[in-house]
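> Sequence plus predicted model, see below.
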Amino acid sequence: MTVLNSMLVLAAGLNLSSTLITLTSLAGFTVVAFYIFRLSLPVQYPTPIPWNISGGLVFIALVLVLRQLTAIWSLTQMEVWGEDFWVNLSERFEGGQALLLKLIISLEIITNAFLIVGSGFLLVLFFKTRDIFPRTFMVVLIAQEVFVLADTVGVSLLFQQFVTEDMRMLMIKSIGRWVVIMLLIRYVMRSERAGKTFVLPHSSLVNEEDPDFLADLEEEAHQKGAH
């Protein structure tokens, strides 16, 4: 009962608008993820046998877990959860500026929701060695970096905070982030291990006519993973 009361008090203190934006975004992106999950690349028969997750893919797994935790932390650390957050914005800024700032903050909430669902979805595809993982990985990472850059530039222009030094630092950080992202994407899209690991279509398309398929799958995956 004490736990329930604490949860009710916490919920009562949350900003209703922020909560609705978050829950609606999470639900919407989850529906999209369920739809994409059923998609597959052109199916090959017999169904290829995936290699074990090892080598550089272990690092990719760590990156995915870290991104998932970071996305959740970023959303919870936003200042939008205060009960009077949106009202205070209207009082602190003029009409047009306040409206634009509310739009930007709403997009930040939606993007964080996208990252939470997207990162979780990538983890599911990753450990199921799904054939659509590499392309989904590329889309999610690029979408995040585009938003981070657009959000930083948009907020700075809104408050006219850009100076030459800020622009230089932004460019350096942005280039560094893009280099890392491109290296990760290149490995997932081009490496032999990734190409031999992410090969399974949706379960409804797996060729199970061969009675020894599952046994062969386990045996060959063990052999390939040992290399």
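Thanks, I have the structure now.
> isn't residue 102 right next to residue 86, touching?
Yes - counting by C-beta atoms under 8 Å, residue 86 is a contact partner of residue 102 at 6.7 Å. In short, each C-beta sits where N, CA and C put it, glycine included.
> tell me, how many neighbours does residue 72 end up with?
Residues lying near residue 72 (other C-beta atoms under 10 Å) number 15.
> what about it, helix or strand, and which?
Using DSSP states H and E, residue 72 sits within helix 56-76.
> right, and the helix or strand after the longest helix along the chain?
Taking DSSP state H as the criterion, the chain has its longest helix at helix 95-127. Going down the chain from helix 95-127, the next helix or strand is helix 133-158, by DSSP H and E.
> And that following helix, how far out from the chain middle?
11 Å (C-alpha atoms, centre = their mean, to the nearest Å).
> Heading C-terminal from that helix, find the next helix or strand.
In N-to-C order, the element after helix 133-158 by DSSP H and E is helix 164-190.
> Could you name the helices and strands sitting against that following helix?
Applying 3 or more C-beta pairs under 8 Å, 6 or more residues apart in numbering; DSSP states H and E, one finds that helix 164-190 contacts helix 56-76, helix 133-158.
> Going by mean pLDDT, which of those comes out lowest?
Lowest mean pLDDT within those: helix 133-158, a mean of 83.
> can you give me the angle it makes with helix 164-190?
In terms of direction (axes from the mean of the first three to the mean of the last three C-alpha atoms, to 10 degrees), helix 133-158 departs from helix 164-190 by 170 degrees.
> If you count neighbours, what's buried in helix 133-158?
By 16 or more other C-beta atoms under 10 Å, the buried positions in helix 133-158 come out as 133-138, 140-141, 144-145, 147, 149, 154.
> What of stretch 180-190?
Buried residues in stretch 180-190, counted by 16+ other C-beta under 10 Å: 184, 185, 187, 188.
> What of stretch 22-40?
Buried residues in stretch 22-40 (16+ other C-beta under 10 Å): 22, 25, 26, 29, 33, 37, 40.
> same thing with stretch 121-133?
121, 122, 123, 125, 126, 129, 130, 131, 132, 133.
> Over to stretch 54-71?
Here stretch 54-71 shows 55, 57, 60, 63, 64, 67, 68, 71 as buried, counting by 16+ other C-beta under 10 Å.
> TSV for these, including distance to residue 112?
Converted to TSV, those look like this (distance: C-beta to C-beta, whole Å):
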residue	distance to residue 112
55	31
57	26
60	22
63	18
64	16
67	12
68	12
71	6
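> which one of these is nearest residue 173?
Closest approach between the buried residues of stretch 54-71 and residue 173, by C-beta to C-beta: residue 67, at 17.3 Å.
> Now that closest one. Nearest residue, chain neighbours left out?
Take residue 67 and drop its neighbours on the chain: the residue closest to it by C-beta to C-beta, 6 or more residues apart in numbering is residue 119, 4.8 Å away.
> show me the contacts for that neighbour.
By C-beta atoms under 8 Å, 6 or more residues apart in numbering, the contact set of residue 119 is 64, 67, 68, 71, 140.
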